[in-house]
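# the following block contains a protein sequence and its predicted model.
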Amino acid sequence: MEYILSNALDAFNRHSGWIIWNLFLAFIPLVLSFWLFRWHKKSRSFLWWIGLIVFIAFLPNAPYLLTDIIHLIRATRAGYSAWVITLIFIPLHLFAILSGFQAYVISLINQGFYLKKNNSGRFILLGELIVHALSAIGVYIGRFLRFNSWDLITQPDTLAIDTINDLTSKRPLLIIFIIFIVLTISYWLMKQVTLGIILRIRYARLKQDDYENLW
């Protein structure tokens, strides 16, 4: 048992140490989406626009976790025991990937709620597609060019030059398009599941209230 635990700790440090940090980055736009689109009651102030910019800049960190599947693949090929792979790697990595993408889904659901509340419900689909496109570009920049969200502030010139130079070739555009398709399909599927769960919870609460009213 001691050997297995030691082996598991070594495996986590080598292949899974990114999880906590990447999840933290993924949940930043989730928290901001509640403040921007659910809780903020005042008019769109200067602070609100700053929050929106930060939200857009950090949002690609959520679907970015989908690409971290490569860490799971590498870990399973690293020669660790079946126990470590089955009980540590697979559950931990799948939890991180699904949690990050769920943060992305809820963030966009909150965005749609905001648009609908402001009588712009007809733009929900367009808004989602625009976000998917921007996020696809962000995921590509993060995975292949190795830039971070805060590089928009710390080194905007390098980020802009490297991105423009890279996107002038066909291969990056093809990769971005593939990421966009994956995001669009995955988001639609996860959104249906999420909304179904929300509706189920609301229905259960209504039934519970009706039951309590009988007494």
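Yes, it's here.
# hang on, residue 72 packs against residue 96?
No: in terms of CB atoms under 8 Å, residue 72 does not count as a neighbour of residue 96; the distance is 9.4 Å. In this view, the C-beta of every residue, glycine as well, is placed from N, C-alpha and C.
# quick one: stretch 147-154 to chain centroid distance?
The gap between where stretch 147-154 is centred and where its chain is centred comes out at 17 Å by CA atoms, centre = their mean, to the nearest Å.
# buried sites along that stretch?
For stretch 147-154, the neighbour count (16 or more other CB atoms under 10 Å) marks 147, 149, 151-152 as buried.
# now, among those, which is nearest to residue 113?
Taking CB to CB as the measure, residue 149 is the one of those closest to residue 113, at 23.9 Å.
# show me what contacts that closest one?
Applying CB atoms under 8 Å, 6 or more residues apart in numbering, one finds that residue 149 lies in contact with 25, 57-58, 60-61, 138.
# what score does it have for pLDDT?
Per-residue confidence at residue 149 stands at 79 (pLDDT).
# what about it, which SS state?
In terms of secondary structure, residue 149 is coil; the call rests on DSSP: H, G, I helix; E, B strand; the rest coil.
# and the gap between it and residue 175?
19 Å (CB to CB, to the nearest Å).
# low-confidence ranges in this protein?
For the chain, applying pLDDT under 70 flags the ranges 1-17, 40-42, 170, 207-215.
# separation between the residue minimising distance to the centre of the chain and residue 24?
For the chain, the residue sitting closest to the mean C-alpha position, by CA atoms, centre = their mean, is residue 62 at 1.9 Å. In this structure, residue 62 lies at 11 Å from residue 24, with CB to CB as the measure.
# list just the nearest of the buried residues of stretch 147-154 to residue 92.
Residue 92 has its nearest neighbour among the buried residues of stretch 147-154 in residue 149, at 23.8 Å by CB to CB.
# which one's the longest helix in this structure?
When the chain is parsed with DSSP state H, its longest helix is helix 170-213.
# for that one, name the packing helices and strands.
Contacts of helix 170-213 with other secondary structure elements, assessed using 3 or more CB pairs under 8 Å, 6 or more residues apart in numbering; DSSP states H and E, are made with helix 90-117, helix 124-140, helix 156-167.
# what's the closest of the ones you listed to residue 77?
Closest among these, using CB to CB: helix 90-117, at 13.3 Å.
# list the buried ones in the closest one?
With burial defined by 16+ other CB under 10 Å, the residues of helix 90-117 counted as buried are 92-93, 96-97, 99-112, 114-115.
# now for it, which elements pack on it?
Contacts of helix 90-117 with other secondary structure elements, assessed using 3+ CB pairs under 8 Å, 6+ apart, are made with helix 18-34, helix 61-64, helix 69-76, helix 124-140, helix 170-213.
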